[in-house]
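# this is the structure alone, sequence omitted:
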């Protein structure tokens with residue numbers, strides 16, 4: 001199996017790929033996302049278009065200096081036309097959860113693969129998640145239990161852990177909710193000869 005490069009510092013993405021048997025190295029792109037988000041808002045792009053733009057830019061940036069396949073990924077949380085950023089502090093995390101409760105949001109999740117500075121494949125999925133009617137006390141307990149790591153995730157929750165208790169219903173792939181459309185990506189890696197078919 002050939003080595004692939006993950007252009008992301010996301011622990012969840014790294015663990016998903018390693019658990020699936022994909023041999024990876026990590027090279028974080030350090031992409032400044034501000035200009036992409038500003039352009040997307042100006043152009044009235046969808047959350048899916050923004051996620052794909054960011055995933056592609058990350059993959060291309062890292063692949064310019066590598067001959068391996070480089071995987072870029074990004075996720076944009078959209079609720080009622082509003083895009084949510086990662087919370088800057090725990091107060092903002094609390095406000096996000098209070099706003100999202102009783103509502104359905106989408107996680108526009110894109111993966112893009114590049115090789116030697118050229119985009120070779122991409123895929124986008126948008127799972128939807130409906131939060132239950134959380135009490136303020138539950139939100140406070142959740143934030144106290146999870147702490148500062150919540151600031152590393154859009155939506156201020158970890159679906160793979162206690163965050164699952166926040167939800168009433170979800171539609172879409174568990175892997176995609178965690179930040180990577182894994183099954184389509186594995187299919188591409190098999191087609192590319194990176195993984196055995």
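Received the coordinates, thanks. This structure is a prediction, so every number in the text was calculated from the model and none was measured. Residues are numbered from 1 along each chain as shown.
# can you pull out the helices in this protein?
Secondary structure of the chain by DSSP state H: the helices cover 11-19, 34-42, 47-63, 90-100, 136-146, 174-177, 182-191.
# correct me, but residue 109 touches residue 184?
No - using C-beta atoms under 8 Å, residue 109 makes no contact with residue 184, being 10.7 Å away. Where C-beta positions appear, they are placed from N, C-alpha and C, glycine not excepted.
# quick check: which of the helices of the chain is nearest to residue 78?
Among the helices of the chain, the nearest to residue 78 by C-beta to C-beta is helix 47-63 (3.9 Å).
# can you give the distance of that closest one from its chain's centre?
Helix 47-63 sits 11 Å away from the centroid of its parent chain (C-alpha atoms, centre = their mean, to the nearest Å).
# go on, stretch 115-125?
That offset, for stretch 115-125, works out to 16 Å (C-alpha atoms, centre = their mean).
# quick one on the thing from earlier: now the helices of the chain in TSV, with mean neighbour count and distance to residue 164?
Formatted as TSV, the helices of the chain follow (neighbours: other C-beta atoms under 10 Å; distance: least, C-beta to C-beta, whole Å):
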stretch	mean neighbour count	distance to residue 164
helix 11-19	16	14
helix 34-42	13	28
helix 47-63	23	22
helix 90-100	18	14
helix 136-146	14	11
helix 174-177	20	10
helix 182-191	17	18
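# any chance of those helices in a markdown table, plus mean pLDDT and distance to residue 5?
Shown next, in a markdown table, are the helices of the chain (pLDDT from 0 to 100; distance: least, C-beta to C-beta, whole Å):
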| stretch | mean pLDDT | distance to residue 5 |
| --- | --- | --- |
| helix 11-19 | 95 | 11 |
| helix 34-42 | 94 | 21 |
| helix 47-63 | 97 | 6 |
| helix 90-100 | 97 | 31 |
| helix 136-146 | 97 | 30 |
| helix 174-177 | 97 | 19 |
| helix 182-191 | 97 | 12 |
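# just to revisit the earlier point, which residues are in contact with both of residue 109 and residue 184?
Residues touching both residue 109 and residue 184 (C-beta atoms under 8 Å, 6 or more residues apart in numbering) are residue 125.
# state the distance from the residue lying farthest from the centre of the chain to residue 146.
The outermost residue of the chain relative to its centre, with distances by C-alpha atoms, centre = their mean, is residue 137 at 27.9 Å. For residue 137, the distance to residue 146 equals 15 Å [C-beta to C-beta, to the nearest Å].
# with residue 34 instead?
27 Å.
# show me the contacts for the nearest residue to residue 123 once chain neighbours are set aside.
Closest residue to residue 123 apart from its sequence neighbours, by C-beta to C-beta, 6 or more residues apart in numbering: residue 184 at 4.5 Å. Each residue near residue 184 by C-beta under 8 Å, 6+ apart is listed here: 111, 123, 125.
# now do the last one, the pLDDT please.
Residue 125 carries a pLDDT value of 98.
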